[in-house]
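Novice: below is the structure, and that's it, no one-letter string:
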DNA sequence: CGAGTAATTATGCAAGTGTATAATTTCTCC
DNA sequence: GGAGAAATTATACACTTGCATAATTACTCG
């Protein structure tokens, strides 16, 4: 029979690290980075605090690992839907906007995490690098989608113009993402994505609505 | 002769409160709410920590006062330029977009403060109320400007449509504000305002550029 | 000018913080 | 099944935190 009285179970390093990182993200979202105490994280992950030191040489290191985990999850959730569409560039652009403005990307917890990490991001060089790389990746990807969709529509744009369009569309998406997460009850389901598509359409002159109706 | 050796100077309650609030905002922007310690704030304001308790019954109360101070300053900076224009509605809308996307509204410190306060805002009812009131005020004002400008142009919009336009324009402004503050070196001076006007123009169908050139 | 009063400083305390180290427990492998 | 090693817990420490209270200091007003 299994010994129910055993005091703990040994887990693989990967599983434990993952559990600790998830617990960290929960607490950072709830109470900020400084509010995510080592003891609180350990309790949330159902271990004792000493174990954290066994897998991460400091709280700082755990925070950095949690941040990179979150950023990776966010970009994956955003890019996967667009990458999965193998139709026209316009279809991929539409899928990208939709994915950016629906759960799980739009979520109070994501905004809370983004806000909680911001201070550290601006001070820690490693986190700053991760942040800038993610932002650039996101915007370049969007710029590529817009460029392809415009060419497809027979009216290609010059690089300077493309840059502006990407910044503007990125801003709409970010702004809607922010508002949707900060005031979850202020918008009906799908409303943010609707407004996002309409706005990107207005800014670029592309017709994202007919594309959205195809699905 | 003045006694240079006197250990402190008595100030009016208003001056001291203001000084403490400003010191608090500095530290909150730098280190987050929990990182803004009572001792740190006192040092920054050149007083001893006991004095804080004399003017604010708790750190919580000081934080709330600092948040409301900041929100008031932000809205004032944003609304004053638009209110000062007594020309067409289009001119006021243009001034509003410009003010929202140039310093001192666009500023790394403002974004840092916004992010640092977010956690508390979502948990403390009083701060939450302030936040929602400010957001609603901002968006309603923008919606009013858009409505007036559209009527002026001879193509008034229905309420539902107006709501969507206001949300979209608000999102562009917020998104650009965010990006400008989070990556201050990524944009040339005036670039954000340019893109903001173009985007609002594209979304609403109004011509903000000819309006901007008049000044 | 001198006493009273309020502003300000000085000091102390209990709880919470990250981290270091020692003591246990579980699991693997021969 | 039992020794060895690694995972996990247990305990301790120095430091910081917000808050309370007592001791000073500066200014006001008769």
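Specialist: Done, it's in. Treat the numbers as computed from the prediction; the structure is a model and nothing was measured. Numbers count the residues shown, from 1 in each chain, chains lettered A, B, ... in the order given.

Novice: okay, CA-based contacts and neighbour counts for the rest of this
Specialist: Noted.

Novice: find the closest residue to DNA strand C in chain A.
Specialist: Closest residue of chain A to DNA strand C, C-alpha to the nearest atom of the strand: residue A:6 (2.8 Å).

Novice: show me the contacts for that residue.
Specialist: Applying C-alpha atoms under 8 Å, 6 or more residues apart in numbering or on different chains to residue A:6 gives no contacts.

Novice: setting aside sequence neighbours, what's the nearest residue to the most centrally placed residue in chain A?
Specialist: With distances taken as C-alpha atoms, centre = their mean, residue A:74 lies nearest the centre of chain A, 2.5 Å away. Spatial nearest neighbour of residue A:74, chain neighbours left out: residue A:105 (6.6 Å); criterion: C-alpha to C-alpha, 6 or more residues apart in numbering or on different chains.

Novice: list phi and psi for that neighbour.
Specialist: Torsion angles at residue A:105 (phi, psi; degrees, to the nearest 10) stand at phi -70, psi -50.

Novice: report the contact partners of it.
Specialist: Counted by C-alpha under 8 Å, 6+ apart, residue A:105 has contacts A:74, A:77, A:78, A:99, A:177.

Novice: out of these, who's nearest DNA strand D?
Specialist: DNA strand D lies nearest to residue A:74 out of these, by C-alpha to the nearest atom of the strand, at 27.2 Å.

Novice: show me what counts as buried in whichever helix in chain A runs longest.
Specialist: Longest helix in chain A, counting residues (DSSP state H): helix A:125-152. In terms of neighbour count (16 or more other C-alpha atoms under 10 Å in any protein chain shown), helix A:125-152 has its buried residues at A:127-128, A:130-131, A:134-135, A:138-150.

Novice: how about stretch A:28-39?
Specialist: A:28, A:29, A:30, A:31, A:32, A:33, A:35, A:36, A:37, A:38.

Novice: so that stretch, near chain B or not?
Specialist: Yes - Stretch A:28-39 reaches chain B (C-alpha under 8 Å from any C-alpha of the partner chain) through A:29, A:30, A:31, A:32, A:34, A:35.

Novice: could you export these as JSON lines, including secondary structure, distance to DNA strand D and pLDDT?
Specialist: Output for those, formatted as JSON lines (DSSP: H, G, I helix; E, B strand; the rest coil; distance: C-alpha to the nearest atom of the strand, whole Å; pLDDT from 0 to 100):
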{"residue": "A:29", "secondary structure": "helix", "distance to DNA strand D": "19", "pLDDT": "98"}
{"residue": "A:30", "secondary structure": "helix", "distance to DNA strand D": "18", "pLDDT": "97"}
{"residue": "A:31", "secondary structure": "helix", "distance to DNA strand D": "14", "pLDDT": "98"}
{"residue": "A:32", "secondary structure": "helix", "distance to DNA strand D": "14", "pLDDT": "98"}
{"residue": "A:34", "secondary structure": "helix", "distance to DNA strand D": "10", "pLDDT": "98"}
{"residue": "A:35", "secondary structure": "helix", "distance to DNA strand D": "11", "pLDDT": "98"}
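
Novice: and which of these is nearest residue A:88?
Specialist: residue A:29 (37.6 Å; C-alpha to C-alpha).

Novice: the closest one against residue A:116, yeah?
Specialist: Yes - using C-alpha atoms under 8 Å, residue A:29 is in contact with residue A:116, at 6.7 Å.

Novice: shared neighbours, the two?
Specialist: residue B:119.

Novice: in terms of secondary structure, what does the helix or strand encompassing residue A:18 contact?
Specialist: Following DSSP states H and E, one finds residue A:18 within helix A:13-35. Judged by 3 or more C-alpha pairs under 8 Å, 6 or more residues apart in numbering or on different chains; DSSP states H and E, helix A:13-35 is in contact with helix A:38-44, helix A:50-55, helix A:59-84, helix A:108-123, helix B:13-35, helix B:108-123.
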